[in-house]
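Visitor: Coordinates only, no sequence provided:
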């Protein structure tokens, strides 16, 4: 048997001596190094086993940024459509309220649009109008305040004001509220005495 240089025999090999998995006798060599012992992974393998590389982290950040941008854009459009629907419902509710007050109080009422349809206000017929050309005055309570349409919602109409009469009749008018490519239509022209709201094209 040939031994590595510098090795010293501690005990003579015996028949059936216990050996390691690499075939070296356990009690035979003192200084000899058996193959496969003390093998350590290189720095790259250790780093890969213990965490992510910089490129992997950058890729994750890029993907997360793209997903966040898509979600934010979709949320913005969804929120805009919600505000569009609420603005249409608020205006339609005020129109129905004006019709109800006109019938109950036996006085004509008006909804007047201002500042290029960006604002509107509920008015009632005055018993002693200060201006004969404009016999309407604002309501004194909450419903007489000036309502403002959100800036990114555009309103168009064929009438600068809508009048409500004591017999339930309403001036024929159509209003379209638009946000981006979505719109809501409020009309009193389709059915006499009714305020209808539906989705535009």
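Guide: Structure received. These numbers come from a predicted model, not from an experiment. Numbering: from 1, shown residues only.
Visitor: Can you report phi and psi for residue 177?
Guide: The phi and psi torsions at residue 177 (degrees, to the nearest 10) take the values phi -110, psi 130.
Visitor: and what of the one 5 residues further on?
Guide: Its backbone dihedrals place residue 182 at phi -110, psi 140, with angles given as degrees, to the nearest 10.
Visitor: What's opposite it in the beta bridge?
Guide: Note on residue 182: beta-bridge partners by DSSP bridges are residue 179.
Visitor: so who does it touch?
Guide: The contact partners of residue 182, taken as C-beta atoms under 8 Å, 6 or more residues apart in numbering, are 80-81, 84, 199-200. The C-beta positions use only the backbone N, C-alpha and C, and glycine is treated the same way.
Visitor: out of these, which are buried?
Guide: Among those, those scoring as buried are 80, 84 (criterion: 16 or more other C-beta atoms under 10 Å).
Visitor: Make a markdown table from the contacts of residue 182 and add distance to residue 115 and pLDDT to it.
Guide: Shown next, in a markdown table, are those (distance: C-beta to C-beta, whole Å; pLDDT from 0 to 100):
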| residue | distance to residue 115 | pLDDT |
| --- | --- | --- |
| 80 | 21 | 84 |
| 81 | 24 | 87 |
| 84 | 19 | 94 |
| 199 | 26 | 92 |
| 200 | 22 | 87 |
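Visitor: Save the contacts of residue 182 as a markdown table, and put in distance to residue 122 and secondary structure too.
Guide: What follows is the contacts of residue 182, written out as a markdown table (distance: C-beta to C-beta, whole Å; DSSP: H, G, I helix; E, B strand; the rest coil):
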| residue | distance to residue 122 | secondary structure |
| --- | --- | --- |
| 80 | 26 | helix |
| 81 | 26 | helix |
| 84 | 21 | helix |
| 199 | 25 | strand |
| 200 | 24 | coil |
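Visitor: nearest to residue 138, of the contacts of residue 182?
Guide: residue 84 (26.4 Å; C-beta to C-beta).
Visitor: My guess is that closest one contacts residue 153. True?
Guide: Yes. Counting by C-beta atoms under 8 Å, residue 84 touches residue 153, with 5.8 Å between them.
Visitor: anything in contact with each of the two?
Guide: Common neighbours of residue 84 and residue 153, counting by C-beta under 8 Å, 6+ apart, are 177-179.
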